[in-house]
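Asks: need a 3D model of the following:
(one chain, ligands or ions: 3)
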Amino acid sequence: MSTQLKFGILTVSDSCHLEPLKDQSGPKLIEEVLKHFPCSLCTPKIVPDHLDEITNTLVQWSNEKYNVILTTGGTGFSSRDVTPEATLNVIEKKAPALTYAMTSNSLKITPMAMLSRAVCGIRSQTLIINLPGSKKAAIECFGFIKDVIPHAVALLTDQKESVASLHNKMQRGGSIDVQPSTRNNEMTPSKVKLKVAARDRKSPYPMIEVSKAFEIVLRECTQTQCIETVPFEKSLNRVLAEDVHALEPVPPFRASIKDGYAVRAEDGAGIRRIKNVAAAGDKPFENELQSQEAVRISTGAPVPAGANAVVQVEDTSVVEASTDGSIEVSVKIEVTPRLNQDIRQIGSDVQQNSLVLNKYHRIQPFHIGVLAMLGKTKVKIYKCATIGIISTGNEICDPGEALEPGKIRDANKVTLMNLLKQYSYNPRDCGVAKDNPDSVKYALEKAFTQNDVVITSGGVSMGEFDVIKQVLLEDFGATIHFARVNMKPGKPTTFATLIYKEKRKIFFGLPGNPVSCGVTCLLYIIPVLRYMENSVNFKFPVIRAKAPNLKNNDPRPEYHRVQVKISPDSGELVAYSTGDQISSRLNSLIGANGLAVVKQNHDDTLYYEVMLFDELIGFS
Ligand SMILES: Nc1nc2c(c(=O)[nH]1)N[C@H]1C(S)=C(S)[C@@H](COP(=O)(O)OP(=O)(O)OC[C@H]3O[C@@H](n4cnc5c(N)ncnc54)[C@H](O)[C@@H]3O)O[C@H]1N2
Ligand code: MOO
Ligand SMILES: [Mg+2]
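Replies: Ligands and ions are numbered 1, 2, ... in the order given. Predicted coordinates:
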């Protein structure tokens, strides 16, 4: 179930009401709630130990359709403790087993648990749970009951699909983890045996459109705030995390644009005595050039003081030279010079203090050249997410291995690794998992320990050995945001988020078919990695191309692999199918530079929207 729950966190305490900063339990509960239900909304409030104030808040939040209200405090034996009474005032049904779960587990920790009078119950669609006032006890008690909250809410809000899915899972031997439990803390040697006849025969996940799926992915993935400073020559393809200003002007001195003679323009055309020679790299002359004088100058050399024009050698002739021809004594300027002709003024390329490179730009080779020019040898860049890649399947073997009967070579992992490398990410090979929950759990644990984003291929469809979603839910408490998308290829694409060792992780379960895996990586993963890196404007271009003979008999829109070329005659873009589009045929991506979106039976459509993911090709 995609758990976006609305929680009210009500601290009941006279002293915290007077001094809100004293409240430790409320903020800690919010932290715990968000850890386990990352998409939830939490509204905090502090009220004194006053029957009416507590009652009013419970009624108001329940009327506003809060899913869960957690109260903390006021459950003890002192005369001011009235939270259970306020709760009993408002609930329509009691939920004593929740109270029992908290009490029985707490008693294993302390006999003081006997002094809690906490009540749990239901008002309309809201579950109200009294927790103790102490931070430690409140968090412990929340831990004992948290895992049943999504199902309780699903029942209260009549979410049939979610309820059915959970019932199915329990029938086939799964359980809801309730603490204290060791299942999340260690590798369990063997899972409950799957009762295949009781498995879901229809996917419990709704089929959503590609646009909606991408919207969810963007919503769940945050743009990084992590910045690192790197040597500029190592910054290729990273995203700038600072505006770069020029601390110095470029050029730093008046530089000649031509090989010729530096002169005073006001002297006009005519004869000049050669005073000196200025080559690139020379220090500028300190003595001012006088009237009727010239300095022979090279492109890039500093223009001498007093000179205000350079005349290219082509517009001059020699008047007097040494007998061996090695020295020019005087030359004739044949064409009247204009003021400042062929001189690059100081700062004419880049003005001192001007903004040269913008934050959020992806650094390309020319950016690095500009950084070099400015002497900016260290740059701040945004850190990329760390990414781990896992293949799954009993049939998978290494590409270098000889094939045994029934086995196939792992094409997906290397494809994904190299696709990500092409976009300048540095993914980790996290191995191959077998088609069983223990192996998948083990591989995922390792991958989540090392990476922010984990990508698997295979094991996400309807087969009895497709266990990825089961493991995500049961072993990692993940929220699966979607698991079916209306697209071909890529229907079972699965996206989840979870908290692992107190860190938020992103999970993509790509379908095992190699084309499905590649296409979904292009459609979802590359753009979202760009987004997470703050390359916010990244989008593969979508063009309209003429595409004869693209056929699709599937009700799902097909992302047809095409080669888009530019017609030399008309300049029109033309898309050619790469052949058989079955999801196993990875060759359909060979030579493709675009994905044409083809709706079912649109035989007569001549123009299609094509997402370009590679260079355009000219007709040869
Ligand atoms: N009853 C249904 N069956 C299937 C459905 C469905 O809706 N109902 N969907 C089909 C679609 S669409 C796809 S796509 C696949 C996706 O399957 P999984 O993600 O579960 O992947 P697997 O079953 O593990 O493998 C599918 C296919 O791909 C080959 N494969 C897997 N990994 C690799 C790899 N690393 N390198 C190369 N090839 C790989 C695997 O051998 C299978 O042939 O499910 C359909 N079924
Ligand atoms: O959706 Mo599957 O990826 O067509 O073969
Ligand atoms: Mg499968």
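Asks: which helix or strand contains the closest residue to ligand 1 within the chain?
Replies: Here the residue of the chain nearest ligand 1 is Gly512; by Cβ to the nearest ligand atom that distance is 2.5 Å. To be clear about C-beta, it is placed using only N, CA and C from the backbone, and glycine gets the same treatment. Applying DSSP states H and E as the criterion places Gly512 outside every helix and strand.
Asks: spatially nearest residue to it (excluding sequence neighbours)?
Replies: Gly458 (3.1 Å; Cβ to Cβ, 6 or more residues apart in numbering).
Asks: anything in stretch 392-404 near ligand 3?
Replies: No - under the criterion of Cβ under 5 Å from the ion, ligand 3 is not reached by stretch 392-404; the shortest gap measures 8.3 Å.
Asks: neighbouring contacts of that stretch?
Replies: Where contact means Cβ atoms under 8 Å, 6 or more residues apart in numbering, the residues beyond stretch 392-404 that reach it are 406-411, 414, 432-435, 440, 443, 456-459, 465, 468, 512.
Asks: only the buried subset of the residues you listed, as a ChimeraX command please.
Replies: In ChimeraX, a selection of the buried entries from the contacts of stretch 392-404 looks like this (16 or more other Cβ atoms under 10 Å):
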select :410,411,432,433,434,435,440,443,456,457,458,459,465,468,512
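Asks: so which bits of stretch 11-21 are buried?
Replies: Thr11, Val12, Ser13, Cys16, His17.
Asks: from these, pick the one nearest ligand 2.
Replies: Thr11 (48.8 Å).
Asks: what about that closest one, is that helix, strand or coil?
Replies: strand (DSSP: H, G, I helix; E, B strand; the rest coil).
Asks: contacting residues for it?
Replies: Applying Cβ under 8 Å, 6+ apart, the residues near Thr11 are Asp23, Ser25, Gly26, Pro44, Lys45, Ile46, Val47, Thr71, Thr72, Gly73.
Asks: now those residues in CSV, with neighbour count and pLDDT?
Replies: Below are these laid out as CSV (neighbours: other Cβ atoms under 10 Å; pLDDT from 0 to 100):
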residue, neighbour count, pLDDT
Asp23, 22, 90
Ser25, 26, 94
Gly26, 25, 93
Pro44, 15, 91
Lys45, 17, 94
Ile46, 23, 94
Val47, 24, 96
Thr71, 32, 98
Thr72, 31, 97
Gly73, 28, 97
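Asks: phi, psi of the one residue in the stretch 51-200 of the chain that gets nearest to ligand 2?
Replies: Per Cβ to the nearest ligand atom, Asp200 is where the stretch 51-200 of the chain lies closest to ligand 2, at 17.7 Å. Per-residue torsions, Asp200: phi -60, psi 130 (degrees, to the nearest 10).
Asks: neighbours around it, how many?
Replies: 14 (other Cβ atoms under 10 Å).
Asks: one more: the one 5 residues further on?
Replies: Using other Cβ under 10 Å, Tyr205 has 20 neighbouring residues.
Asks: repeat for Glu266
Replies: When neighbours are counted by other Cβ under 10 Å, Glu266 comes out with 10.
Asks: and it, helix, strand or coil?
Replies: The three-state label given to Glu266 by three-state DSSP is helix.
Asks: show me the contacts for it.
Replies: Counting by Cβ under 8 Å, 6+ apart, Glu266 has contacts Ser291, Asn308, Leu339.
Asks: for Ser439, give its distance to ligand 3.
Replies: 15 Å (Cβ to the ion, to the nearest Å).
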